[in-house]
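K.L.:
whatever this is, show me its structure:
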Amino acid sequence: MNKLNEILLEELPDLKKHSEAFLNKELSKLNFKRYSGAFGVYATRSQKSFILRFRLPGGVISKEELQFIYDMALKYNLGGIHLTTRQCIQLHNLSLDAILDIIEQGILKGLYTRGSGGNYPRNVSMSPLTGVTPGEAFDVLPFAIAANVYLLKSIYAYHLPRKFKVAFSNTPTADAHSTIQDLGFIAMSYDHNPFFKVYAGGGLGKDPEPCLVIPISLPPSDVLYAIEAMLNLFIKEGNYEDHNKARVRYIVNKLGKAQFIASFLDELEIAKQSKELSLPFTPSFEVYEDWSTTLIHPRIFKQKQINLYSMYFQPLGGQLTLKLLKQLLQYLDYLPKVRLRLTMTEGFYMINLDEATALKLLELTDGLGGETKLTQSVSCIGVPTCQMGILNSQELLDNIISYFNHKKYKKDILPRVYISGCPNSCGVHQIGSIGFAGKKKRIENVITDCYTLYIGGSFHADHVRLGIPLGDIPSPLIPEFLYKLALQLESLNINFDTWFETDQDSLTAFIQPYLV
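P.N.:
You can find the predicted model right below:
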């Protein structure tokens, strides 16, 4: 048994002790959260059961790992699993015995929960279609995996002021959210010379900020030095006293942008001089000829590899039932070359599909998940599961989709909507074209469920911007509002982002009557 597994297994009795104290009301909800998050364990709102989060580096998961998670969910009578907005998988409403059993069995299989919560380096995110995307600079998968291995090997030993997030994107679309992380990398090349563009000091939630661009062209083999440098800067300058001002972005405010960048570059040089962290591989530049296809579908994507496809599937709200998961696993038994990649949008890609397989998977998943951008909207888990939540974000998403179904409106007009049940932005509402954040608001002396509406957010590297909060909409009015918005967009023959960018005043005027 390797050292990491030995240490993580030795921690489980202490996790059991703290969890029992919490269940017996001997440990407060807040103090338990501060302790248990390190293990990827959170109490549900009932304070009688638990949530468990697996960290899946870059969203890469093998068929065997997915089978294990399915087996554990089945063993403990769960109806499904939850796909998160950081390429992880969560199991909900577990007993303490179940939590301890699943963590132990996962460790023995190399499937970890440690550090998926708490003040630790979190799951390393990655563009899910890296390695198969036409026009990408290079495949970032080896670098994302190496970063996770580096962070995980001593995950138990970190003492950080707050969580630490790293992301790798293969193109400027930045679908791993590299532009709003503590540290982000975007693959670039110039004259076939590969490098990473480096982003730092971003994040969502309270006091959100987009990243600063670090003015260097980082050799891909140096990514671990950059991670080490930012960790060291975080430890030296981060706020250990105030949990609410402890993320890396607050160091930017403390030092100023220029000094933050200079301090990071100083730490980068120190790391290079003090450790040997250079990666022993370089990006490959395989040349792929463009090719044409007659297989056109919104959930099918042509790969750069000739005659191969990727298929996207997103269960509504990221809630994947065990019934469908079982069917997918059975089908994967016959597809040894197919790979799964989880996304930042609560879905997954199956890559390396031939045309017949792609069509079969479309048939298998037809009508079981999102087929339009609206039905592929993102929602955190919210109330009644999340103990920190304010509103039931999953219910809002269900109500929106039900309203459109009732109106028999199937046109793919609206953008994806991002919903958080509270201001914490687990549903990343601050970087969506349309975002909602749950709150309670007194209206005519009545406490009302409302969502703050955000518009115009973007994480694309060419136009990174935080959404603009326009005001609050009562939850029951949101489905109708979105429906009327879809009709207006159709009438104007324009998409939402274009309307926002070209005539924000008229868009705001359209929205204004719905605000309270």
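
K.L.:
quick one: neighbours of the residue nearest to residue 459 when sequence neighbours are not counted, just the number.
P.N.:
Leaving aside its chain neighbours, residue 459 sits nearest to residue 431 (4.7 Å; criterion: CB to CB, 6 or more residues apart in numbering). Using the backbone N, CA and C atoms, a C-beta is placed for each residue, glycine as well. By other CB atoms under 10 Å, 26 other residues sit near residue 431.

K.L.:
residues contacting residue 431?
P.N.:
Counting by CB atoms under 8 Å, 6 or more residues apart in numbering, residue 431 makes contact with 177, 180, 204, 418, 457-459, 466-467.

K.L.:
closest to residue 15 out of those?
P.N.:
residue 204 (28.5 Å; CB to CB).

K.L.:
against residue 85, how distant is the closest one?
P.N.:
10 Å (CB to CB, to the nearest Å).

K.L.:
joint contacts of the two?
P.N.:
Joint contacts of residue 204 and residue 85 (CB under 8 Å, 6+ apart) are residue 428.

K.L.:
tell me which of these two has more neighbours.
P.N.:
Using other CB under 10 Å, the more surrounded residue of residue 204 and residue 85 is residue 204, with 28 against 21.

K.L.:
skipping adjacent residues, who's closest to the more buried one in space?
P.N.:
residue 425 (4.0 Å).

K.L.:
now residue 370: closest residue in space, sequence neighbours ignored.
P.N.:
Per CB to CB, 6+ apart, closest to residue 370 is residue 376, 3.4 Å.

K.L.:
can you pull the contacts of that neighbour?
P.N.:
314, 345, 347, 369-370, 416.

K.L.:
got it, and residue 235?
P.N.:
159-161.

K.L.:
do that again at 7 Å, thanks
P.N.:
residue 160 (CB atoms under 7 Å, 6 or more residues apart in numbering).

K.L.:
if I look at it, how far off is residue 157?
P.N.:
Distance check for residue 235 against residue 157: by CB to CB, it reads 12 Å.

K.L.:
identify the residue nearest residue 156 in space, chain neighbours excluded?
P.N.:
Closest to residue 156 by CB to CB, 6+ apart is residue 7, at 5.5 Å.

K.L.:
with residue 148 as the reference, measure out to that neighbour.
P.N.:
17 Å.

K.L.:
break the chain down into its domains, please.
P.N.:
3-108, 135-274, 300-365, 378-514 (automatic domain parsing).

K.L.:
dump these to JSON lines, plus mean pLDDT.
P.N.:
Converted to JSON lines, the domains of the chain look like this (pLDDT from 0 to 100):
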{"stretch": "domain 3-108", "mean pLDDT": "98"}
{"stretch": "domain 135-274", "mean pLDDT": "98"}
{"stretch": "domain 300-365", "mean pLDDT": "97"}
{"stretch": "domain 378-514", "mean pLDDT": "98"}
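
K.L.:
ok, which of those comes nearest residue 123?
P.N.:
Proximity to residue 123 (CB to CB) singles out domain 3-108 among those, at 4.2 Å.

K.L.:
end to end, how far does that closest one reach?
P.N.:
12 Å (CA to CA, to the nearest Å).

K.L.:
picking that back up, these two touch, right, the residue nearest to residue 204 and residue 206?
P.N.:
No. Using CB atoms under 7 Å, residue 425 is not in contact with residue 206, being 8.6 Å away.

K.L.:
what pLDDT does the residue nearest to residue 370 get?
P.N.:
Looking at residue 376, its pLDDT stands at 99.

K.L.:
kindly provide the distance from it to residue 343.
P.N.:
10 Å.

K.L.:
now the strands for the stretch 51-200 of the chain?
P.N.:
Ranges of strands within the stretch 51-200 of the chain are 60-61, 80-83, 89-94, 125-126, 166-169, 183-190, 193-200, based on DSSP state E, counting those that start in this stretch.

K.L.:
starting at the chain centroid, how far to the third one?
P.N.:
In other words, strand 89-94. Mean C-alpha position of strand 89-94 versus that of the full chain (CA atoms, centre = their mean, to the nearest Å) differs by 16 Å.

K.L.:
circling back: ok, the residue nearest to residue 156 - how many residues close by?
P.N.:
By other CB under 10 Å, the burial measure for residue 7, its neighbour count, is 15.
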